[in-house]
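# Pasting a predicted model and its sequence here:
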Amino acid sequence: MKIATFNINGVKARIETVLRWLDESAPDVALLQEIKSVDENFPREVFEERGYNVETHGQKGFNGVAILSKLPLEDVTRGLPGAEGAGRDGVDDEEARLIEATVVGDHGALRLIGIYLPNGNPAPGPKYDYKLRWMERLKARAKDLLAQEMPALIAGDFNIIPQDEDAKRPEAWTEDALARPESRAAFRRIVNLGFTEAFRTRTHGDGHYSFWDYQAGAWDRNDGIRIDHFLLTPQAADCLHDCWIEADMRGRDKPSDHVPVWVDLAI
């Protein structure tokens, strides 16, 4: 099963780019971030015409996540539990940043958690506090996921540069919310629960990025950062065949500032 995570930076602005990518690369499952659309306005028909089941958790003009799957999706849930002042469903966060579903493959089921983690800038400040609180809530969900002892993954735009080697110019990010020590520590606390960071099991060293800013010729200078990740439970890690970044997408017409990251799992 080939699964891709892709921050598309707006489904309306990038619809032709996304459709061309789906036609060429044909992921079995695509986890999308920053769809920037309410659910009822998401152009689901063009994806359904290509054989995808579509589930969204949208928001007008900002954020928003979606799952496209050629296989049936079951037990779909939306939103991250644990917000302060949460209602009976445990969710009151108005920002659409998480969607979950179970997909059944040829050899078993896989739980998918697609996320768009808060950016957190400017830091310090209220937005950064929200980022760290959100990560603490994600850690709680991650613990529950591990306790189920099933193949599962958390994937998407984490807005975290895990290490200096994940940035072309790490010195430029020292005080940024994506690389501050508190952010990296929060990310490590989630990984260290028992997850495998898929890309780094297959590829080591610097020079591997998933995001290049639109400004200052960042793509031409390969001035990128790696902030889109797959975290696998032990049961999913046992099924890992490969993980890679589809970097050439950044050089296409009307690109997102992110590119797809893939895993291939024997599920």
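Structure's in. What do you need?
# which residue ranges form the strands in the stretch 51-200 of the chain?
53-57, 65-69, 73-78, 98-105, 108-116, 152-157, 196-197 (DSSP state E, counting those that start in this stretch).
# Format the ones you listed as a markdown table; extra columns: mean pLDDT, mean neighbour count and distance to Gly217.
Quick note: C-beta positions are derived from backbone N, CA and C, even for glycine. Formatted as a markdown table, the strands of the stretch 51-200 of the chain follow (pLDDT from 0 to 100; neighbours: other C-beta atoms under 10 Å; distance: least, C-beta to C-beta, whole Å):
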| stretch | mean pLDDT | mean neighbour count | distance to Gly217 |
| --- | --- | --- | --- |
| strand 53-57 | 98 | 21 | 34 |
| strand 65-69 | 98 | 25 | 30 |
| strand 73-78 | 97 | 15 | 38 |
| strand 98-105 | 95 | 21 | 34 |
| strand 108-116 | 96 | 22 | 26 |
| strand 152-157 | 98 | 26 | 22 |
| strand 196-197 | 98 | 18 | 29 |
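# need the contact list for Val263.
Lys2, Ile3, Leu153, Ala155, Ala198, Phe230, Leu232, Leu240, Asp242, Cys243 (C-beta atoms under 8 Å, 6 or more residues apart in numbering).
# quick check: mean pLDDT across the helix or strand that contains it?
Using DSSP states H and E, the element containing Val263 is strand 261-265. Across strand 261-265, the average pLDDT comes to 98.
# That strand pairs with which strands, parallel or anti?
In the sheet, strand 261-265 lines up against strand 2-7 (antiparallel), strand 240-245 (antiparallel) (DSSP bridges).
# Select only the buried ones of the contacts of Val263 in PyMOL?
With 16 or more other C-beta atoms under 10 Å as the criterion, this PyMOL line picks the buried residues out of these:
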select buried, resi 2+3+153+155+198+230+232+240+243
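# Thanks a lot, see you next time.
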